[in-house]
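Colleague: structure for the following, please:
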Amino acid sequence: MKNQSTVVEFIILGLSNSCCLNIALFVILLVIFLLTIMGNITVVSLSLMDHRLQSPMYYFLRNFSFLEICFTSVIMPRFLYSLLTERKFISLPGCFLQLLLFFVLGTCVFFHVAIMSFARYMAICHPLHYGTIMNGRVCFQLVLGCWVMSFLLIFPPTFVVVLLPFCGPNVINHFYCDTAALLQLSCVDTGHIEVMILVSATIILLGTLTVTIVSYGCIISTIMRIPSTTGRKKAFSTCSAHLMVVVILYSSSIFRYIRPEQRGARDFDKVVSFLYSVVAQLFNPYIYALRNEQVKQALKGVCDRAFSKSVRLS
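Modeller: Have a look, this model is predicted:
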């Protein structure tokens, strides 16, 4: 298939055509973006500085937070810029690069959620073997495997989309470059690409969801056997918060990508995409890490040291 595109740039419609609403969206999304970035930077910094946060679970959390920073930065700065300046154009190479990074990093997020669920299962259900099985080498291999598998599963369908000819129109009904909108704009039949995307999405989403559900099922079964009522409530509180993020992340993604018709962007798709690309990313650092007691103690220690230092300097 030869790339014979006559389109040299795309117009990304965004979430609204109203100038006033776009200003309000800019303020809200800027706050969300800054909170997401600051929350993840805090997690990465604390896990590197505090000796108490050197276990495998915090190793995965540190990598997960770094991944979240990268993923959020793929679409949010460009989207915020378009809201502020009303410049909605994006070049073909820029669109294709955003498409590839968004799906590779997004896929890596799902793999990380699965391995963090498995790590939590090992820590709670097999605490005596946790340190032996989840050693530094295994943790590194799991994280590396997440990145390699994400690239291998996403690159083939994305590369085929890049090769498609686009002869016009060039309007993307979304707030970032998405496959459904690009397939709709292509001049040729895209049935085989839709099958590739559906197969990849099914493997990624249902495969990682299975690992996550089984892990949390075993965790909940172990929690039920805790004799202390207070201990059970505390453990359930943590698990329910994690599961809330999992439900938002997977339900919206499955609804969006595991469906026979992959071609054509719908207005409701933008709302669903907003849930997993913006809302879930905001919750992740605060629910997965900053609610954790050890992380809170580490953060309190850093704040106390910083306050004491500022008092001495003054």
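Colleague: just the buried residues of stretch 79-88, please?
Modeller: Neighbour counts over stretch 79-88 (16 or more other CB atoms under 10 Å) mark Phe79, Leu80, Ser82, Leu83, Lys88 as buried. The C-beta positions use only the backbone N, C-alpha and C, and glycine is treated the same way.
Colleague: equivalent analysis for stretch 54-63, please.
Modeller: Quick answer for stretch 54-63 (16+ other CB under 10 Å): Ser55, Pro56, Met57, Tyr58, Tyr59, Phe60, Leu61, Arg62, Asn63.
Colleague: what number of residues lie near the closest residue in space to Gly301 that isn't next to it in sequence?
Modeller: Using CB to CB, 6 or more residues apart in numbering and skipping residues adjacent in sequence, the residue nearest Gly301 is Asp50, 7.1 Å away. Using other CB atoms under 10 Å, Asp50 is surrounded by 17 other residues.
Colleague: where does the stretch 151-300 of the chain have low pLDDT?
Modeller: Within the stretch 151-300 of the chain, the ranges that satisfy pLDDT under 70 run 231, 234, 237-238, 262-266, 290-291.
Colleague: try 50 this time
Modeller: Residues of the stretch 151-300 of the chain meeting the criterion pLDDT under 50: none.
Colleague: which residues in it form strands?
Modeller: For the stretch 151-300 of the chain, applying DSSP state E, counting those that start in this stretch gives strands covering 171-172.
Colleague: from Leu282, how far off is Lys270?
Modeller: Between Lys270 and Leu282 the distance, using CB to CB, to the nearest Å, works out to 17 Å.
Colleague: the one helix or strand Ile23 maps to packs against which elements?
Modeller: Using DSSP states H and E, Ile23 sits in helix 19-49. Secondary-structure packing of helix 19-49 (3 or more CB pairs under 8 Å, 6 or more residues apart in numbering; DSSP states H and E): helix 56-85, helix 280-288, helix 293-313.
Colleague: strand partners of the helix or strand following the longest one, parallel vs antiparallel please.
Modeller: Using DSSP H and E, the helix or strand that directly follows helix 56-85 along the chain is strand 89-91. Note on strand 89-91: by DSSP bridges, its sheet partners are strand 9-12 (antiparallel).
Colleague: now do the partner strand: distance to the chain's middle.
Modeller: Centroid separation between strand 9-12 and its chain, computed with CA atoms, centre = their mean, to the nearest Å, is 24 Å.
Colleague: among the buried residues of stretch 79-88, which pair sits farthest apart?
Modeller: Within the buried residues of stretch 79-88, Leu80 and Lys88 form the most distant pair, 12.5 Å apart (CB to CB).
Colleague: spit out the contact partners of Ser16.
Modeller: Going by CB atoms under 8 Å, 6 or more residues apart in numbering, Ser16 touches Asn22, Leu25.
Colleague: which residues does Tyr250 contact?
Modeller: Taking CB under 8 Å, 6+ apart as the test, what Tyr250 contacts is Leu205, Leu209, Thr212.
Colleague: how far away is the last one from Ile219?
Modeller: So that's Thr212. Distance, Thr212 to Ile219, using CB to CB: 10 Å.
Colleague: could you do the first one as well?
Modeller: Counting by CB to CB, the separation of Leu205 from Ile219 is 21 Å.
Colleague: can you check Glu9 too?
Modeller: On the measure of CB to CB, Glu9 and Ile219 end up 49 Å apart.
Colleague: next one: Cys70
Modeller: The spacing between Cys70 and Ile219, counted by CB to CB, is 28 Å.
Colleague: so for these two, which residue has more residues nearby?
Modeller: Ranked by neighbour count (other CB under 10 Å), Cys70 and Ile219 place Ile219 first, with 21 against 14.
Colleague: surely the more buried one is in contact with His126?
Modeller: No. Look at Ile219 against His126 with CB atoms under 8 Å: they stay out of range, at 11.1 Å.
Colleague: next up, the contacts around the closest residue to Phe283 other than its chain neighbours.
Modeller: Closest residue to Phe283 apart from its sequence neighbours, by CB to CB, 6+ apart: Val245 at 5.3 Å. The contact partners of Val245, by CB under 8 Å, 6+ apart, come to Ala280, Phe283, Asn284, Ile287, Tyr288.
Colleague: now render those residues as a markdown table, adding neighbour count and distance to Val199.
Modeller: Output for those, formatted as a markdown table (neighbours: other CB atoms under 10 Å; distance: CB to CB, whole Å):
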| residue | neighbour count | distance to Val199 |
| --- | --- | --- |
| Ala280 | 24 | 24 |
| Phe283 | 16 | 29 |
| Asn284 | 29 | 27 |
| Ile287 | 19 | 31 |
| Tyr288 | 26 | 29 |
